[in-house]
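Chemist: Got a predicted structure here, sequence first:
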Amino acid sequence: MKKSNIEEIGAWIVVAWIVFLAGMGVNVLVSRCSDQQPADKAPQPSVKVQWRTRKVPAPAETIYQTKRIPPEPVDTQEIIRQYLAEHIYRDTVFHNDTAMLVIRDTLWRNSIAGREVMLTLNSDRFARHHSLGLLSSLGSNHAALMAAYRYRHWFVAAGYDFPQQSPTVSVGYLYNW
């Protein structure tokens, strides 16, 4: 009688299992019967250390010299007055027949408290009747960006003031002399 394929595969699995268990048994016997020492009683390696020393020279004697500086009179009130005073500096960056740029800084307590930038354009040079422009107004408590329209002598500008978060409108009459 012939065996089926399933019976042959099962026989091979049983043989492989027996060979695996036999190998594990041989491994256990060999490891128990060897002359190895346990890990906790293994000899510790030793290292020989040699120290080199140098002699440090003794510090030299320090010589101190004292110089007396005569005291100068200090006007503390004048120093505080200058510190608290407000100083205004006006700088003309450029000035010609078409435009003038002026920067005005206000210093207070050794810091810039305000800055104003003024750009003046001679509009007669650019346009006589109709013109469009983009301008900004900067100061210590406002910074507005505006678009402007000019018809002859009338000037209209509208924009937005960012720190105040509000719209801004300007109307003006330009007088030429």
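Modeler: Here it is on my side, so go on. What you see is a predicted model; the values in this text were computed from it and never measured.

Chemist: What is the neighbour count of Thr98?
Modeler: As a burial measure, Thr98 scores 12 neighbours (other C-beta atoms under 10 Å). Any C-beta I mention is one placed from the backbone N, CA and C, and that applies to glycine too.

Chemist: And for Gln77?
Modeler: Gln77 has 8 nearby residues by other C-beta under 10 Å.

Chemist: Repeat that for Thr120.
Modeler: 11.

Chemist: SS state for the closest residue to Gly139 other than its chain neighbours?
Modeler: Ranked by C-beta to C-beta, 6 or more residues apart in numbering and with sequence neighbours excluded, the top spatial neighbour of Gly139 is Glu116, at 5.6 Å. Classification of Glu116 by DSSP: H, G, I helix; E, B strand; the rest coil places it in strand.

Chemist: So what sits opposite Leu134 in the bridge?
Modeler: Ala147 (DSSP bridges).

Chemist: Okay, domains of this structure per the record?
Modeler: 76-121, 123-177 (automatic domain parsing).

Chemist: Where among the ones you listed is average confidence lowest?
Modeler: Least confident of these, judged by mean pLDDT, is domain 123-177 with a mean of 77.

Chemist: Appreciated, that's everything.
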